[in-house]
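S.K.: below is the sequence, then the predicted model.
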Amino acid sequence: MAAEAVLRHGGPADAQALLPLFLSAPAAHEALVPVLARHGDRRLAARLLEATVEGGRLRDDVPSGVLHAVGRLGYAPAAPLLWEHVDGSHHVSRDACLGLLHLPCEELRDAIGEALEKHEGSALFPEFLPVLAPRTEDPAWLDRLVAWGEDHASVDCNGGLILGISLHGDRARAAFTRLLWNDRWEACGAGTGSALWTYAGTRVLGLGLPRLYAGLRARLRASADPDVRRDVLRSFVTLLRLRCADVWTGVAAAEVRLESCDTLYDVLFSPAADDGDTLAELADRVFGGDDPLSDEVRDLETALRAAATHEWVLRAAASR
(Lines give C-alpha, C1' and ligand atoms only; values in the text may rest on other atoms or scores of the structure.)
Protein backbone atom coordinates (compact mmCIF):
# COMPACT_ATOMS: atom_id res chain seq x y z
CA MET A 1 0.00 0.00 0.00
CA ALA A 2 2.78 2.42 0.95
CA ALA A 3 4.78 1.51 -2.16
CA GLU A 4 1.74 2.18 -4.34
CA ALA A 5 1.27 5.60 -2.77
CA VAL A 6 4.91 6.49 -3.47
CA LEU A 7 4.57 5.14 -7.00
CA ARG A 8 1.62 7.49 -7.66
CA HIS A 9 2.74 10.57 -5.75
CA GLY A 10 6.47 10.25 -5.09
CA GLY A 11 9.49 11.64 -6.88
CA PRO A 12 13.22 11.21 -7.48
CA ALA A 13 14.15 11.69 -3.82
CA ASP A 14 11.93 8.77 -2.87
CA ALA A 15 13.61 6.48 -5.38
CA GLN A 16 17.06 7.42 -4.09
CA ALA A 17 15.98 6.87 -0.48
CA LEU A 18 14.36 3.50 -1.19
CA LEU A 19 17.16 2.00 -3.31
CA PRO A 20 19.25 0.87 -0.28
CA LEU A 21 16.16 -0.72 1.28
CA PHE A 22 15.47 -2.65 -1.90
CA LEU A 23 19.07 -3.78 -2.25
CA SER A 24 19.15 -4.99 1.38
CA ALA A 25 16.63 -7.74 0.53
CA PRO A 26 15.44 -7.58 -3.11
CA ALA A 27 12.99 -10.48 -2.95
CA ALA A 28 11.31 -9.08 0.15
CA HIS A 29 10.97 -5.61 -1.34
CA GLU A 30 9.83 -6.43 -4.87
CA ALA A 31 6.98 -3.91 -4.54
CA LEU A 32 9.59 -1.14 -4.67
CA VAL A 33 10.73 -1.98 -8.20
CA PRO A 34 8.01 0.09 -9.94
CA VAL A 35 8.89 3.04 -7.68
CA LEU A 36 12.53 2.81 -8.76
CA ALA A 37 11.46 2.43 -12.40
CA ARG A 38 9.15 5.45 -12.42
CA HIS A 39 11.09 7.87 -10.22
CA GLY A 40 14.72 6.84 -10.66
CA ASP A 41 17.30 7.99 -13.20
CA ARG A 42 20.15 6.51 -15.21
CA ARG A 43 22.60 6.77 -12.34
CA LEU A 44 20.21 4.82 -10.14
CA ALA A 45 19.85 2.23 -12.92
CA ALA A 46 23.63 1.81 -13.05
CA ARG A 47 23.79 1.31 -9.28
CA LEU A 48 20.90 -1.14 -9.46
CA LEU A 49 22.61 -3.29 -12.07
CA GLU A 50 25.96 -3.18 -10.34
CA ALA A 51 24.39 -4.58 -7.17
CA THR A 52 22.12 -7.22 -8.72
CA VAL A 53 24.05 -8.76 -11.63
CA GLU A 54 26.69 -11.48 -11.33
CA GLY A 55 28.42 -13.20 -14.24
CA GLY A 56 26.31 -11.42 -16.80
CA ARG A 57 23.01 -12.62 -15.31
CA LEU A 58 20.54 -11.30 -12.79
CA ARG A 59 21.07 -12.93 -9.40
CA ASP A 60 18.49 -15.58 -8.45
CA ASP A 61 17.27 -13.59 -5.45
CA VAL A 62 16.55 -10.48 -7.52
CA PRO A 63 13.06 -9.88 -9.01
CA SER A 64 13.11 -9.86 -12.80
CA GLY A 65 11.34 -6.49 -12.73
CA VAL A 66 14.80 -4.97 -12.30
CA LEU A 67 15.37 -5.73 -16.00
CA HIS A 68 12.27 -3.74 -16.88
CA ALA A 69 13.29 -0.91 -14.55
CA VAL A 70 16.79 -0.32 -15.92
CA GLY A 71 15.47 -0.25 -19.47
CA ARG A 72 12.64 2.10 -18.60
CA LEU A 73 15.16 4.43 -16.95
CA GLY A 74 16.92 4.69 -20.32
CA TYR A 75 20.15 3.00 -19.27
CA ALA A 76 21.40 2.02 -22.72
CA PRO A 77 24.45 0.00 -21.52
CA ALA A 78 21.98 -2.53 -20.10
CA ALA A 79 20.65 -3.51 -23.55
CA PRO A 80 22.99 -6.52 -24.13
CA LEU A 81 22.19 -7.85 -20.65
CA LEU A 82 18.46 -7.51 -21.25
CA TRP A 83 18.73 -9.26 -24.59
CA GLU A 84 20.47 -12.20 -22.90
CA HIS A 85 17.36 -12.64 -20.73
CA VAL A 86 14.75 -12.55 -23.53
CA ASP A 87 14.80 -16.35 -23.84
CA GLY A 88 14.36 -16.85 -20.09
CA SER A 89 11.27 -17.90 -18.15
CA HIS A 90 8.00 -16.09 -18.86
CA HIS A 91 8.43 -13.34 -16.29
CA VAL A 92 12.13 -12.86 -16.97
CA SER A 93 11.52 -12.66 -20.72
CA ARG A 94 8.59 -10.28 -20.24
CA ASP A 95 10.59 -7.89 -18.08
CA ALA A 96 13.60 -8.00 -20.39
CA CYS A 97 11.41 -7.15 -23.40
CA LEU A 98 9.55 -4.40 -21.56
CA GLY A 99 12.90 -2.92 -20.57
CA LEU A 100 14.26 -3.09 -24.11
CA LEU A 101 11.25 -1.34 -25.62
CA HIS A 102 12.42 1.81 -23.80
CA LEU A 103 15.90 1.66 -25.36
CA PRO A 104 17.03 2.46 -28.93
CA CYS A 105 18.46 -1.06 -29.54
CA GLU A 106 20.38 -0.05 -32.69
CA GLU A 107 22.96 -2.81 -32.21
CA LEU A 108 20.24 -5.40 -31.61
CA ARG A 109 18.13 -4.52 -34.64
CA ASP A 110 19.17 -7.54 -36.72
CA ALA A 111 19.02 -9.93 -33.77
CA ILE A 112 15.49 -8.79 -32.91
CA GLY A 113 14.35 -9.25 -36.50
CA GLU A 114 15.85 -12.75 -36.65
CA ALA A 115 14.22 -13.74 -33.36
CA LEU A 116 10.83 -12.49 -34.53
CA GLU A 117 11.13 -14.39 -37.80
CA LYS A 118 12.11 -17.54 -35.91
CA HIS A 119 8.90 -17.45 -33.86
CA GLU A 120 6.55 -15.81 -36.37
CA GLY A 121 3.43 -17.89 -36.92
CA SER A 122 3.87 -19.96 -33.75
CA ALA A 123 1.00 -20.47 -31.34
CA LEU A 124 3.31 -20.20 -28.35
CA PHE A 125 6.45 -18.07 -28.21
CA PRO A 126 8.24 -15.61 -25.89
CA GLU A 127 5.06 -13.60 -25.37
CA PHE A 128 6.57 -10.12 -25.21
CA LEU A 129 9.13 -10.44 -27.98
CA PRO A 130 6.68 -8.74 -30.43
CA VAL A 131 6.85 -5.46 -28.46
CA LEU A 132 10.34 -5.10 -29.92
CA ALA A 133 9.14 -5.25 -33.54
CA PRO A 134 9.22 -1.43 -33.93
CA ARG A 135 12.93 -1.54 -33.00
CA THR A 136 13.64 -3.35 -36.27
CA GLU A 137 12.50 -0.20 -38.14
CA ASP A 138 10.76 -2.48 -40.64
CA PRO A 139 7.21 -1.12 -41.11
CA ALA A 140 6.04 -4.46 -42.50
CA TRP A 141 6.01 -5.88 -38.99
CA LEU A 142 2.73 -4.13 -38.20
CA ASP A 143 0.76 -6.25 -40.66
CA ARG A 144 2.83 -9.31 -39.79
CA LEU A 145 1.98 -9.00 -36.10
CA VAL A 146 -1.72 -8.58 -36.92
CA ALA A 147 -1.70 -11.70 -39.12
CA TRP A 148 0.23 -13.62 -36.48
CA GLY A 149 -2.39 -12.84 -33.86
CA GLU A 150 -5.37 -13.46 -36.12
CA ASP A 151 -4.22 -16.71 -37.70
CA HIS A 152 -1.83 -18.49 -35.35
CA ALA A 153 -1.15 -17.13 -31.86
CA SER A 154 -2.78 -18.66 -28.82
CA VAL A 155 -4.91 -16.18 -26.89
CA ASP A 156 -2.83 -17.22 -23.88
CA CYS A 157 0.21 -15.72 -25.58
CA ASN A 158 -0.92 -12.60 -27.40
CA GLY A 159 -0.45 -9.77 -24.89
CA GLY A 160 2.87 -8.85 -26.48
CA LEU A 161 1.36 -8.90 -29.95
CA ILE A 162 -1.39 -6.51 -28.85
CA LEU A 163 1.03 -4.09 -27.20
CA GLY A 164 3.51 -4.46 -30.05
CA ILE A 165 0.86 -3.49 -32.59
CA SER A 166 -0.01 -0.35 -30.62
CA LEU A 167 3.64 0.68 -30.46
CA HIS A 168 3.65 1.17 -34.24
CA GLY A 169 1.90 4.49 -33.64
CA ASP A 170 -0.88 6.24 -35.49
CA ARG A 171 -0.90 3.91 -38.47
CA ALA A 172 -1.75 1.03 -36.10
CA ARG A 173 -4.90 2.69 -34.75
CA ALA A 174 -7.37 1.07 -37.17
CA ALA A 175 -5.92 -2.43 -36.76
CA PHE A 176 -5.77 -2.06 -33.00
CA THR A 177 -9.39 -0.89 -32.80
CA ARG A 178 -10.51 -3.90 -34.84
CA LEU A 179 -8.71 -6.40 -32.64
CA LEU A 180 -10.01 -4.70 -29.51
CA TRP A 181 -13.60 -5.68 -30.37
CA ASN A 182 -12.76 -9.00 -32.09
CA ASP A 183 -13.45 -11.96 -29.79
CA ARG A 184 -10.84 -14.00 -31.68
CA TRP A 185 -8.18 -11.96 -29.91
CA GLU A 186 -9.79 -12.03 -26.44
CA ALA A 187 -7.97 -8.72 -26.06
CA CYS A 188 -9.69 -7.89 -22.76
CA GLY A 189 -9.61 -11.40 -21.38
CA ALA A 190 -8.69 -11.17 -17.70
CA GLY A 191 -7.86 -14.87 -17.55
CA THR A 192 -5.17 -14.66 -20.24
CA GLY A 193 -3.56 -11.51 -18.86
CA SER A 194 -3.97 -9.67 -22.16
CA ALA A 195 -6.34 -7.05 -20.75
CA LEU A 196 -3.56 -5.06 -19.06
CA TRP A 197 -1.59 -4.81 -22.31
CA THR A 198 -4.69 -3.93 -24.32
CA TYR A 199 -5.35 -1.14 -21.84
CA ALA A 200 -1.75 0.03 -22.20
CA GLY A 201 -2.17 -0.05 -25.98
CA THR A 202 -5.27 2.15 -25.87
CA ARG A 203 -3.29 4.75 -23.96
CA VAL A 204 -0.25 4.52 -26.23
CA LEU A 205 -2.53 5.24 -29.19
CA GLY A 206 -4.53 7.97 -27.48
CA LEU A 207 -7.75 5.96 -27.59
CA GLY A 208 -9.48 7.49 -24.61
CA LEU A 209 -12.45 5.81 -22.98
CA PRO A 210 -14.95 8.43 -24.23
CA ARG A 211 -13.94 7.62 -27.80
CA LEU A 212 -14.08 3.87 -27.12
CA TYR A 213 -17.48 4.29 -25.48
CA ALA A 214 -18.79 5.90 -28.67
CA GLY A 215 -17.47 2.90 -30.58
CA LEU A 216 -19.07 0.52 -28.11
CA ARG A 217 -22.47 2.16 -28.46
CA ALA A 218 -22.23 1.98 -32.24
CA ARG A 219 -21.51 -1.73 -32.04
CA LEU A 220 -24.37 -2.34 -29.64
CA ARG A 221 -26.74 -0.55 -32.02
CA ALA A 222 -25.43 -2.52 -34.99
CA SER A 223 -25.70 -6.02 -33.52
CA ALA A 224 -28.68 -7.96 -32.23
CA ASP A 225 -26.53 -10.98 -31.36
CA PRO A 226 -26.61 -11.25 -27.55
CA ASP A 227 -23.20 -12.92 -27.41
CA VAL A 228 -21.58 -10.16 -29.44
CA ARG A 229 -23.26 -7.50 -27.33
CA ARG A 230 -22.09 -9.12 -24.11
CA ASP A 231 -18.54 -9.56 -25.41
CA VAL A 232 -18.04 -5.95 -26.49
CA LEU A 233 -19.61 -4.52 -23.34
CA ARG A 234 -17.55 -6.86 -21.15
CA SER A 235 -14.42 -5.64 -22.94
CA PHE A 236 -15.28 -2.01 -22.27
CA VAL A 237 -16.05 -2.69 -18.60
CA THR A 238 -12.66 -4.36 -18.27
CA LEU A 239 -10.90 -1.28 -19.66
CA LEU A 240 -12.93 0.97 -17.36
CA ARG A 241 -11.98 -1.18 -14.37
CA LEU A 242 -8.29 -0.79 -15.19
CA ARG A 243 -8.72 2.96 -15.69
CA CYS A 244 -10.48 3.38 -12.36
CA ALA A 245 -7.71 1.40 -10.65
CA ASP A 246 -5.11 3.55 -12.46
CA VAL A 247 -2.98 0.45 -12.87
CA TRP A 248 0.77 0.57 -13.42
CA THR A 249 1.67 -0.82 -16.84
CA GLY A 250 5.33 0.13 -16.77
CA VAL A 251 5.09 1.36 -20.38
CA ALA A 252 6.23 4.97 -20.41
CA ALA A 253 4.32 5.80 -23.60
CA ALA A 254 1.08 4.70 -21.91
CA GLU A 255 1.31 7.05 -18.94
CA VAL A 256 -0.28 10.18 -20.33
CA ARG A 257 -3.68 10.52 -18.68
CA LEU A 258 -6.24 10.72 -21.45
CA GLU A 259 -9.21 12.19 -19.61
CA SER A 260 -10.11 13.42 -16.15
CA CYS A 261 -12.36 11.34 -13.94
CA ASP A 262 -15.07 14.00 -13.93
CA THR A 263 -15.05 14.13 -17.74
CA LEU A 264 -15.25 10.36 -17.88
CA TYR A 265 -18.06 10.28 -15.31
CA ASP A 266 -20.08 12.78 -17.33
CA VAL A 267 -19.64 10.76 -20.53
CA LEU A 268 -20.50 7.38 -19.02
CA PHE A 269 -22.99 8.08 -16.28
CA SER A 270 -24.60 11.45 -16.83
CA PRO A 271 -28.35 11.17 -17.49
CA ALA A 272 -27.84 13.88 -20.10
CA ALA A 273 -26.21 11.37 -22.46
CA ASP A 274 -27.43 12.13 -25.97
CA ASP A 275 -29.75 9.13 -26.26
CA GLY A 276 -30.59 8.82 -22.60
CA ASP A 277 -28.45 5.72 -22.02
CA THR A 278 -25.88 5.62 -19.26
CA LEU A 279 -23.37 2.81 -19.04
CA ALA A 280 -25.31 1.38 -16.09
CA GLU A 281 -28.50 1.32 -18.14
CA LEU A 282 -26.71 -0.37 -21.04
CA ALA A 283 -25.30 -2.97 -18.67
CA ASP A 284 -28.73 -3.71 -17.22
CA ARG A 285 -30.15 -4.24 -20.71
CA VAL A 286 -27.27 -6.31 -22.07
CA PHE A 287 -26.30 -8.34 -19.00
CA GLY A 288 -29.49 -8.17 -16.95
CA GLY A 289 -29.95 -6.23 -13.76
CA ASP A 290 -29.00 -9.19 -11.53
CA ASP A 291 -25.79 -10.06 -13.38
CA PRO A 292 -22.50 -9.56 -11.50
CA LEU A 293 -21.20 -7.41 -14.35
CA SER A 294 -24.13 -5.02 -13.93
CA ASP A 295 -23.29 -4.84 -10.24
CA GLU A 296 -19.67 -4.12 -11.14
CA VAL A 297 -20.70 -1.26 -13.42
CA ARG A 298 -22.65 0.30 -10.56
CA ASP A 299 -19.60 -0.12 -8.28
CA LEU A 300 -17.41 1.52 -10.93
CA GLU A 301 -19.89 4.39 -11.17
CA THR A 302 -19.51 4.98 -7.44
CA ALA A 303 -15.72 4.73 -7.61
CA LEU A 304 -15.53 7.10 -10.55
CA ARG A 305 -17.78 9.65 -8.84
CA ALA A 306 -15.52 9.57 -5.76
CA ALA A 307 -12.39 9.94 -7.91
CA ALA A 308 -13.97 12.85 -9.80
CA THR A 309 -14.79 14.58 -6.51
CA HIS A 310 -11.22 14.03 -5.31
CA GLU A 311 -9.83 15.53 -8.53
CA TRP A 312 -12.10 18.56 -8.14
CA VAL A 313 -10.91 19.13 -4.57
CA LEU A 314 -7.27 18.91 -5.65
CA ARG A 315 -7.84 21.41 -8.48
CA ALA A 316 -9.63 23.79 -6.12
CA ALA A 317 -6.81 23.58 -3.57
CA ALA A 318 -4.18 24.14 -6.24
CA SER A 319 -5.96 27.27 -7.52
CA ARG A 320 -5.87 29.04 -4.16
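M.R.: Arrived safely, thanks for sending. Numbers count the residues shown, from 1 in each chain.
S.K.: quick one, grab the pLDDT at the closest residue to residue 84 other than its chain neighbours.
M.R.: Distance criterion Cβ to Cβ, 6 or more residues apart in numbering; nearest residue to residue 84, sequence neighbours excluded, is residue 56 at 6.6 Å. Just so you know, the C-beta spots here come from the backbone N, C-alpha and C atoms, and that holds for glycine as well. Note on residue 56: pLDDT of 89.
S.K.: heads up, I number from 15, so please use that
M.R.: Got it, the first residue is 15 from now on, which makes the last one we talked about residue 70.
S.K.: so what's the backbone phi/psi at residue 70?
M.R.: Main-chain torsions, residue 70, degrees, to the nearest 10: phi 80, psi 10.
S.K.: so how many other residues sit close to it?
M.R.: 9 (other Cβ atoms under 10 Å).
S.K.: shouldn't residue 140 be in contact with residue 105?
M.R.: No: with contacts counted by Cβ atoms under 8 Å, residue 140 stays clear of residue 105, the gap being 11.4 Å.
S.K.: rewinding a little: how close does the residue nearest to residue 98 get to residue 122?
M.R.: 16 Å (Cβ to Cβ, to the nearest Å).
S.K.: next one: residue 303
M.R.: Taking Cβ to Cβ, one finds residue 303 at 54 Å from residue 122.
S.K.: please identify which of these two sits among more neighbours.
M.R.: Regarding residue 303 and residue 122, a neighbour count based on other Cβ under 10 Å identifies residue 122 as having more, with 20 against 11.
S.K.: what sits against the closest residue to the more buried one other than its chain neighbours?
M.R.: Excluding the flanking residues, the one nearest residue 122 by Cβ to Cβ, 6+ apart is residue 97, at 5.6 Å. Contacts for residue 97 (Cβ atoms under 8 Å, 6 or more residues apart in numbering) come out as 110, 114, 122, 125.
S.K.: quick one: which of those residues sit in helices?
M.R.: 110, 114, 125 (DSSP state H).
S.K.: most neighbours among these, please name it.
M.R.: Top of the ones in helices among the contacts of residue 97 by neighbour count (other Cβ under 10 Å): residue 110, with 29 neighbours.
S.K.: who touches it in this structure?
M.R.: 78, 81-82, 85, 96-100, 102.
S.K.: ignoring the adjacent residues along the chain, who's closest to residue 90?
M.R.: Nearest one to residue 90, counting by Cβ to Cβ, 6+ apart, is residue 117 at 5.6 Å.
S.K.: next, the distance between the ends of stretch 115-132.
M.R.: 19 Å (Cα to Cα, to the nearest Å).
S.K.: mind checking the pLDDT average for that stretch?
M.R.: pLDDT averaged over stretch 115-132 gives 97.
S.K.: in it, what counts as buried?
M.R.: 115-117, 119, 122, 126-127, 129-130 (16 or more other Cβ atoms under 10 Å).
S.K.: how about stretch 94-112?
M.R.: Residues of stretch 94-112 classed as buried: 95-97, 99-100, 102, 106-112 (neighbour count, 16+ other Cβ under 10 Å).
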